[in-house]
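Undergrad: turn this into a model:
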Amino acid sequence: MSAMPNSSAAPATAVVAAFMLAACQSGPGDSPEERAEGCPVVASRHWTAHVNRMPGPGAAPTLHVHGEIDLPTPGFLAVLRAAPVERGTATVQRIVLHTTPPTEIVAQVLSTQAVRFAGPASAAPYAAVRITCAGEVIAEITDVTEVS
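TA: As a prediction, this is how the structure comes out:
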């Protein structure tokens, strides 16, 4: 006598398998693509900016920007890059924070990172340095000191 497959077991197995696969999926905002859509910075603080105009062989005026950011997990790559200077009645340097989320599984804990920028300074004094991330302003430094 041949064994007949249990036709009621197949749908039940499929339901259990689908449930198990759904439990392994990431929720909204968990994928790197979804996190990259907005700025992942939870908080930022301790922003400073100064221009080094010290003379010397090969010396060029350099803008230095420093700050700290809190990110939702460890493993993010955070880089500050200069954007075009906003000119008007006063010179405002915009610095853009670019972030890349981790590619591996990481702990879901806040992670603080120090970020720094050094690049050519404007000839005109700065009224402010504006830090942006994904189009939103996360800090504005209006006390840009000059060292000469």
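Undergrad: tell me the secondary structure for the residue nearest to the spatial centre of the chain?
TA: When C-alpha atoms, centre = their mean is applied to the chain, the residue found nearest the centroid is Thr99 (3.1 Å). Using DSSP: H, G, I helix; E, B strand; the rest coil, the structure places Thr99 in strand.
Undergrad: surely it and Leu71 touch.
TA: Yes. Counting by C-beta atoms under 8 Å, Thr99 touches Leu71, with 7.2 Å between them. Any C-beta I mention is one placed from the backbone N, CA and C, and that applies to glycine too.
Undergrad: and for the two, which residues touch both?
TA: 40-41, 78 (C-beta atoms under 8 Å, 6 or more residues apart in numbering).
Undergrad: now render these as a markdown table, adding secondary structure and pLDDT.
TA: Shown next, in a markdown table, are these (DSSP: H, G, I helix; E, B strand; the rest coil; pLDDT from 0 to 100):
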| residue | secondary structure | pLDDT |
| --- | --- | --- |
| Pro40 | coil | 97 |
| Val41 | coil | 98 |
| Ala78 | strand | 98 |
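Undergrad: nearest to Thr142, of the residues you listed?
TA: Proximity of those to Thr142 (C-beta to C-beta) peaks at Val41, which lies at 19.9 Å.
Undergrad: which residue, other than its chain neighbours, is closest to that closest one?
TA: In space, and not counting its chain neighbours, Val41 is closest to Ile69: 5.0 Å by C-beta to C-beta, 6 or more residues apart in numbering.
Undergrad: buried stuff in the helix or strand harbouring the one you found?
TA: Assigned by DSSP states H and E, Ile69 falls within strand 62-71. Buried residues in strand 62-71, counted by 16 or more other C-beta atoms under 10 Å: 62-67, 69, 71.
Undergrad: sorry, back to before: which residues does the residue nearest to the centre of the chain form beta bridges with?
TA: Beta-bridge pairing of Thr99, defined through DSSP bridges, involves Ala78.
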